[in-house]
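Asker: Next one to model:
(2 chains)
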Amino acid sequence: GAGVSQSPSNKVTEKGKDVELRCDPISGHTALYWYRQSLGQGLEFLIYFQGNSAPDKSGLPSDRFSAERTGGSVSTLTIQRTQQEDSAVYLCASSPTSPGNYGYTFGSGTRLTVV
Amino acid sequence: KNEVEQSPQNLTAQEGEFITINCSYSVGISALHWLQQHPGGGIVSLFMLSSGKKKHGRLIATINIQEKHSSLHITASHPRDSAVYICAAPNYGGSQGNLIFGKGTKLSVKP
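Answerer: Okay, the predicted model is just below:
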């Protein structure tokens, strides 16, 4: 597609429920990244995919968080048993195999609110 | 872990002024990123630089690898430049994309 697409744009969920956030990167971008932005912490790295593999998942904050990527394209970030501290904007970005001169293209994010 | 510090935290300028935002980091890096986040929340990657200077329109980014310092300059600032500017450095030992982000500089340009 023309840009990085994320869905849903907003999600309100009850504490303890599972949520899935979706990212559709720019066509042909082999690298995909997940970040989150919360009021207290600023921007934080979560996980990096190259194709369908995740060579760096060191930013996932707990084992309630997981992500997968299929067909070298769409990625899903899953948060199980959501907690209030999971409330944040979850951002996805993509790039060619290496970021090149301008870095990454970001999606507009999913705002997750856990009530 | 790389520590990334930005200054100032907030900056108000009059239209037409020359703007400088500073970023320092604690660990030697391969490349530093500058990002722009608009009031609506969208993030745009402005620069990724590993040495010297890069220019894109009215934006100029410089980096001094020895001093572990980078600056973002905006010439002839305009109200549409109002945004949060964020620098980011690779996390030591991490992969590409594993970045440590500064807290951001909120710029407001008044007409």
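
Asker: ok, A:Thr78 touching A:Glu20?
Answerer: Yes: taking contacts as Cβ atoms under 8 Å, A:Thr78 lies within contact range of A:Glu20: 5.2 Å. Every residue, glycine included, has its C-beta placed from N, CA and C.

Asker: where does A:Glu85 land in three-state SS?
Answerer: helix (DSSP: H, G, I helix; E, B strand; the rest coil).

Asker: Against chain B, how distant is it?
Answerer: Relative to chain B, A:Glu85 is positioned 19 Å away (Cβ to the nearest Cβ, to the nearest Å).

Asker: What's the local residue count around that residue?
Answerer: When counting by other Cβ atoms under 10 Å in any protein chain shown, one arrives at 12 neighbours for A:Glu85.

Asker: Would you agree B:Gln6 is in contact with B:Cys87?
Answerer: Yes: using Cβ under 8 Å, B:Gln6 is in contact with B:Cys87, at 5.8 Å.

Asker: and for those two, which residues touch both?
Answerer: With contacts taken as Cβ atoms under 8 Å, 6 or more residues apart in numbering or on different chains, the residues that reach both B:Gln6 and B:Cys87 are B:Ile21, B:Cys23, B:Gly102.

Asker: any chance of these in CSV, with secondary structure too?
Answerer: Shown next, in CSV, are those (three-state DSSP):
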residue, secondary structure
B:Ile21, strand
B:Cys23, strand
B:Gly102, coil
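
Asker: Closest one of the residues you listed to chain A?
Answerer: Chain A lies nearest to B:Gly102 out of the shared contacts of B:Gln6 and B:Cys87, by Cβ to the nearest Cβ, at 7.8 Å.

Asker: Now do the same contact list for that closest one.
Answerer: Applying Cβ under 8 Å, 6+ apart to B:Gly102 gives the contacts A:Gly42, B:Val4, B:Glu5, B:Gln6, B:Cys23, B:Ile86, B:Cys87, B:Ala88.

Asker: Would you map the strands across chain B?
Answerer: Secondary structure of chain B (DSSP state E): strands at B:4-7, B:10-14, B:19-25, B:32-37, B:43-49, B:52-56, B:59-64, B:69-74, B:83-90, B:99-101, B:105-110.

Asker: Just send these back as JSON lines, with mean neighbour count too.
Answerer: Below are those laid out as JSON lines (neighbours: other Cβ atoms under 10 Å in any protein chain shown):
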{"stretch": "strand B:4-7", "mean neighbour count": "18"}
{"stretch": "strand B:10-14", "mean neighbour count": "13"}
{"stretch": "strand B:19-25", "mean neighbour count": "19"}
{"stretch": "strand B:32-37", "mean neighbour count": "23"}
{"stretch": "strand B:43-49", "mean neighbour count": "21"}
{"stretch": "strand B:52-56", "mean neighbour count": "13"}
{"stretch": "strand B:59-64", "mean neighbour count": "18"}
{"stretch": "strand B:69-74", "mean neighbour count": "20"}
{"stretch": "strand B:83-90", "mean neighbour count": "24"}
{"stretch": "strand B:99-101", "mean neighbour count": "24"}
{"stretch": "strand B:105-110", "mean neighbour count": "17"}
